[in-house]
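K.L.:
Starting from these lines, generate the structure:
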Amino acid sequence: MGAEWSIRKAGVEDVDEMVRLRLALLRTTRGVERLEDEETLVPVTQRYFAQAIPSGRFHAWVGVAEGRVVACSGLLPFERPPMPGTLASLEAYILNMYTEPGWRGRGIARALFTELMRFARELGAGRVLLHATDEGRPLYESVGFKPNPTAMEWMPPSK
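P.N.:
Here you go, the predicted structure:
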């Protein structure tokens, strides 16, 4: 299968495909066939992307092959006070990296990730953060990402 692929910046016209791929990512990372509250999650996620992409709060690139979106990525810029090691207050969080299984191993994820990193540098981000799956970890480590064992998270209990 030697099909060609390309990447491009995502727009609001890509929202449905980005939601589809995000759900696939979430199902995979959670090891489930269906997500809890999936029917509620879909419209809320659509609304988020539809508002955040044009406003510049969320930046995404997609991989396109055979006339359809087969991969996605995302970058969320945010500000916080400077700290030792980075005096820039702008940081970025990479998320939503997913490639359909049939399109993996062709360089699409690396191309998307390279574009995210280029964009983060262009924005002036002093630090870039992400959470990695075991499958994605080698890509991120290959460009210098290192584990950060100090992170913790809190989420309210499920209803």
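
K.L.:
hey, where'd the strands end up in this structure?
P.N.:
Using DSSP state E, the strands of the chain run over 5-9, 61-65, 68-79, 90-99, 127-130.

K.L.:
Quick one: mean pLDDT for stretch 25-41?
P.N.:
In this model, stretch 25-41 has an average pLDDT of 94.

K.L.:
just the CA coordinates of that stretch, formatted as CSV?
P.N.:
Taking C-alpha atoms only, stretch 25-41 is exported to CSV below (Å, rounded to 0.1, in the frame of the first residue of the first chain):
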residue,chain,number,x,y,z
LEU,A,25,-7.7,7.7,20.9
LEU,A,26,-9.6,7.8,24.2
ARG,A,27,-11.1,4.3,23.6
THR,A,28,-7.7,2.9,22.9
THR,A,29,-5.9,4.5,25.8
ARG,A,30,-8.7,3.3,28.1
GLY,A,31,-9.0,-0.1,26.6
VAL,A,32,-12.7,0.1,26.0
GLU,A,33,-15.1,-0.4,23.1
ARG,A,34,-17.3,2.6,24.2
LEU,A,35,-16.5,5.5,26.5
GLU,A,36,-18.6,6.4,29.5
ASP,A,37,-21.0,9.2,28.5
GLU,A,38,-19.8,9.0,24.9
GLU,A,39,-23.1,10.3,23.5
THR,A,40,-22.7,13.4,25.7
LEU,A,41,-19.0,13.7,25.0
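
K.L.:
Give me the residues contacting it.
P.N.:
23, 96-98, 133, 158 (Cβ atoms under 8 Å, 6 or more residues apart in numbering). Yep, even glycine has a C-beta here, placed from its N, CA and C like the rest.

K.L.:
still on that earlier bit, could you dump the strands of the chain into a markdown table with mean neighbour count, mean pLDDT and distance to residue 154 added?
P.N.:
Formatted as a markdown table, those follow (neighbours: other Cβ atoms under 10 Å; pLDDT from 0 to 100; distance: least, Cβ to Cβ, whole Å):
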| stretch | mean neighbour count | mean pLDDT | distance to residue 154 |
| --- | --- | --- | --- |
| strand 5-9 | 14 | 98 | 33 |
| strand 61-65 | 21 | 98 | 30 |
| strand 68-79 | 19 | 97 | 18 |
| strand 90-99 | 21 | 96 | 17 |
| strand 127-130 | 16 | 94 | 17 |
